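> My questions are about this predicted structure, shown below with the sequence.
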Amino acid sequence: MESCTDWAVQAVQQNGTASEFVAKILTSGMKRKLLTLVMINDGSRVLLGYKKRGFGAGYYNGFGGKVEPGETVREAAQRELVEEACISAQDLQEAGVLVFAFDDQPQPWEVHVFAASSYVGEPAETDEMRPVWFAHEEVPFDSMWADDPIWYPYLLRQEHFRGVFAFQQTTKLVWNTMV
Ligand SMILES: Nc1[nH]c(=O)nc2c1ncn2[C@H]1C[C@H](O)[C@@H](COP(=O)(O)OP(=O)(O)OP(=O)(O)O)O1
């Protein structure tokens, strides 16, 4: 089976990129870092968390984090949702995959995005995230990762997506392609 990194490498080779580090970081065969991101979407609103600490602090985002040894990507997605928003998704669906190459991180990141419309529990603030509902037309892209406006339309249309994104100095988006 084709691994996700293979399609990301192909995308870079087919589309070219102004930033050499993207090709270098994706083709070097180094292990990627696996992460999850869960988007709760009730049909007209999405639940985002204001990230209070760590990577992406100050941004709104879905809930997620690193896949720990011994757990599946799906298990990690459920665990992070409970840890960060105090809710458990009932209909977690695979929504898409995002590959990020950073010029200041040693490994490419592969983020598995899941969507859910129903959950048990009540969203509550944790040490890491403050949950806030946003209407689809009011998603606060100015306070989010620069790649988000590119793939959110796919998410909201419930169309599966794969994207490759290159960042310089952590947050400056310098190249992207949707596959
Ligand atoms: N460019 C980007 N756009 C986006 O929308 N989400 C991104 C992103 N880059 C990273 N993320 C997400 C993936 C993941 O859900 C989160 C980063 O995870 P964290 O570093 O918070 O992981 P952990 O919660 O495991 O960390 P610790 O609690 O520090 O162990 O940010």
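Perfect, thanks for sending it.

> what's the lowest-mean-pLDDT helix or strand in the chain in contact with?
Averaged element by element with mean pLDDT, DSSP states H and E, the chain has its least confident helix or strand at helix 20-27 (a mean of 72). Here helix 20-27 makes contact (Cβ atoms under 8 Å, 6 or more residues apart in numbering) with 5, 8-9, 12-13, 17, 99, 101-103, 107-108, 164, 166, 175. For every residue, glycine as well, the C-beta is placed using N, CA and C.

> and what of stretch 38-52?
The list of residues contacting stretch 38-52 from outside it, by Cβ under 8 Å, 6+ apart, reads 57-64, 77, 80-81, 84-85, 87, 89, 92, 95, 113-117, 119, 123, 127-136, 139-140, 144, 155-156.

> So which of those residues belong to strands?
For these, membership in strands holds for 60-61, 89, 95, 113-116, 119, 129-135, with DSSP state E as the criterion.

> Buried ones only from those residues, please, as a PyMOL command.
Buried members of the ones in strands among the contacts of stretch 38-52 can be picked out in PyMOL with the line below, counting by 16 or more other Cβ atoms under 10 Å:
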select buried, resi 60+61+89+95+113+114+115+116+119+129+130+131
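
> Closest to the ligand out of the ones in strands among the contacts of stretch 38-52?
Proximity of those to the ligand was ranked by Cβ to the nearest ligand atom; the top entry is Asn61 with 5.1 Å.

> for the closest one, what are its contacts?
The neighbours of Asn61, taking Cβ under 8 Å, 6+ apart as the test, are Leu37, Leu48, Gly49, Lys51, Met144, Trp145, Asp148.

> Let's see which of those end up in helices.
When helices are assigned by DSSP state H, the members of the contacts of Asn61 inside them are Asp148.

> show me which of the contacts of Asn61 neighbour the ligand.
By Cβ under 6 Å from any ligand atom, the members of the contacts of Asn61 lying near the ligand are Leu37, Trp145, Asp148.

> ok now do the first one, which residues does it touch?
Contact criterion Cβ under 8 Å, 6+ apart gives Asn61, Gly62, Phe63, Gly64, Ala77, Leu98, Val111, His112, Val113, Phe114 as the residues in contact with Leu37.

> how about the residues of this structure near the ligand?
When proximity is defined as Cβ under 6 Å from any ligand atom, the chain approaches the ligand at 35-37, 54-56, 61, 64-66, 100, 111, 145, 147-148.
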